[in-house]
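K.L.:
prediction below, plus the sequence it came from.
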Amino acid sequence: MHNSQLTTHDSRLATHSSQLLDLAVVILNYNTRDLLRDCLCSLRAQAGLHFVACVVDNASTDDSAAMVADEFPEVLLVRSPVNDGFSAGNNLGLRRFGFPEHGRARYAMLLNPDTVVPPDALRRLVAFADAHPDVGVVGPKLVLMDGSLDKACRRSFPTPEVSFYRFVGLSRLFPRSKRFGRYNMTYLDENEQADVDSVVGACMMLRAEVIARIGLLDEQFFMYGEDLDWCLRAKQAGYRVVYYPDVTVHHVKRAASRASAKAQYEFQRAMWLFYKKHYRASTHPLVDGLVRLGLAVRGGPALLREMSRD
C-alpha cells in the first residue's frame, strides 16, 4: 500500500468514542457516486442500532467524496489519493475504527456502495450474531436487480477439486449435486440458513474479536479472493461462517469493475494467490501443474508471468 496522506473527518467518530458502537460499517467507493448515495440513504433508515458508517473513497473522479461530505455529514469520510484495491481500501476504513487490535465497535461490516439495505437489516444481523456467539462471520442473502440470487453470497472454498468441477462445467451441468455444485453451493435452498465456507465481501459482518485474532484483509489481493481468505482464516480460528437469508440486501454488482479486462485478470490472479497461500504446499506436483495450466489459460500471459516467478 502506498504511504499516502489521507484526509478524514475524525471528529465524527470521536463523538461516539465514549461508547462502544454496535457496528462499524465500511464502504469502499470507486466512481459509483449515485449508487453510493442510494446506499447511504438506506443506511440512514436503519434503526435500533448504534452504528457509524465510513466511506473510503479510492481516488474517484466523479465527485463521490464531495457528495458524501455535502449530503451525509454523519458519515466518516476517508479520501485516498490512490486506488490501492479492495483489501487496502477497506483496511483504511477498518483502521479508522481501531481495528484490528482496539476496535471501537462490537462488529465490523464490509458493504459495497452498490447495495441497498432494508431498514431493519443491520439490527437483525447483529441480533443474530449476538444470539450465536460461535458465529464469527455472517452474510445476508444478496439479490440482484432482476430478483435472482447473487450466487457469490454463499460459497465453498475454491480447492483444486471444487475449482476443477467449475472449470470443466460440471457445476453448471449438475447445480443440485452436493459434489459438483459446491462452488456456489447451488444445491442449497437459497432461503435456507446454512453454515458455509465463505460469504461475500459485498456485505459481510465480522465480530471484533475475530478481526483481533486473524487480522485485517490480506492486501496482496487487489480485488476478489480477499473475502474467501478472511473467512478461511476465521474458520481456522474456530469460528462459524453463516449464510443468513432471513435478511435480504439488494446488490447491483460489478458497478465499479463493470466486468473489465482488469477485473477478469484480477479474478484469476486472486484464485492463484488463494491457491498458492492455502493449498499449493499440500498439492501433488501433477495436480499443481494442472492448476497452473488452467489458471494460465484463463488469466493469460500476465498471470503466467506472475506464476512463473513463484
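P.N.:
That came through, no problem.
K.L.:
residue 87 contacts residue 218, correct?
P.N.:
Yes: between residue 87 and residue 218 there is a contact at 6.2 Å, judged by Cβ atoms under 8 Å. For the C-beta atoms, the positions are set from N, CA and C on the backbone; glycine is no exception.
K.L.:
number of nearby residues for residue 107?
P.N.:
25 (other Cβ atoms under 10 Å).
K.L.:
element containing it, please.
P.N.:
strand 105-111 (DSSP states H and E).
K.L.:
could you list the paired strands of the longest strand anywhere in the chain along with their orientation?
P.N.:
If you go by DSSP state E, the chain has its longest strand at strand 240-251. The pairing partners recorded for strand 240-251 under DSSP bridges are strand 115-116 (antiparallel), strand 135-143 (parallel), strand 194-195 (antiparallel).
K.L.:
next secondary structure element downstream of the first one?
P.N.:
I take that to be strand 115-116. helix 121-131.
K.L.:
list the buried residues in that following helix.
P.N.:
By 16 or more other Cβ atoms under 10 Å, the buried positions in helix 121-131 come out as 121-126, 128-129.
K.L.:
turn those into a markdown table, columns for distance to residue 179 and pLDDT.
P.N.:
Listed next are the buried residues of helix 121-131 as a markdown table, based on distance: Cβ to Cβ, whole Å; pLDDT from 0 to 100:
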| residue | distance to residue 179 | pLDDT |
| --- | --- | --- |
| 121 | 33 | 97 |
| 122 | 36 | 98 |
| 123 | 38 | 97 |
| 124 | 33 | 98 |
| 125 | 31 | 98 |
| 126 | 35 | 98 |
| 128 | 30 | 98 |
| 129 | 31 | 98 |
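K.L.:
widest-spaced pair of those?
P.N.:
In the buried residues of helix 121-131, the most distant members under the criterion Cβ to Cβ are 121 and 129, with 12.8 Å between them.
K.L.:
beyond the longest strand of the chain, next helix or strand please.
P.N.:
Following strand 240-251 toward the C-terminus (DSSP H and E): helix 261-278.
K.L.:
which SSE is the most centrally placed residue in the chain in?
P.N.:
The chain has residue 201 as the residue nearest its centroid, 1.2 Å off, counting by Cα atoms, centre = their mean. Assessed by DSSP H and E, residue 201 sits outside every helix and strand.
K.L.:
surely it is in contact with residue 227?
P.N.:
Yes: contact criterion Cβ under 8 Å: residue 201 and residue 227 qualify, at 3.6 Å.
K.L.:
between the two, which contacts overlap?
P.N.:
residue 110 (Cβ atoms under 8 Å, 6 or more residues apart in numbering).
K.L.:
can you tell which of the strands paired with strand 240-251 is closest to residue 102?
P.N.:
Of all the strands paired with strand 240-251, strand 135-143 comes closest under Cβ to Cβ, at 18.3 Å.
K.L.:
need the contact list for residue 143.
P.N.:
Counting by Cβ under 8 Å, 6+ apart, residue 143 has contacts 149-150, 248-251.
K.L.:
from residue 157, how far off is it?
P.N.:
24 Å (Cβ to Cβ, to the nearest Å).
K.L.:
got it, and residue 284?
P.N.:
18 Å.
K.L.:
what does residue 149 give?
P.N.:
20 Å.
K.L.:
now do residue 84
P.N.:
In terms of Cβ to Cβ, residue 84 sits 25 Å off from residue 157.
K.L.:
got it, and residue 105?
P.N.:
From residue 105 to residue 157 the distance is 27 Å (Cβ to Cβ).
K.L.:
do the same with residue 129
P.N.:
Distance from residue 129 to residue 157, by Cβ to Cβ: 22 Å.
K.L.:
for the residue nearest to residue 302 when sequence neighbours are not counted, what are its contacts?
P.N.:
Sequence neighbours aside, residue 265 is the residue nearest to residue 302 in space, at 6.2 Å (criterion: Cβ to Cβ, 6 or more residues apart in numbering). For residue 265, the contacting residues are 299-300, 302-303, taking Cβ under 8 Å, 6+ apart as the criterion.
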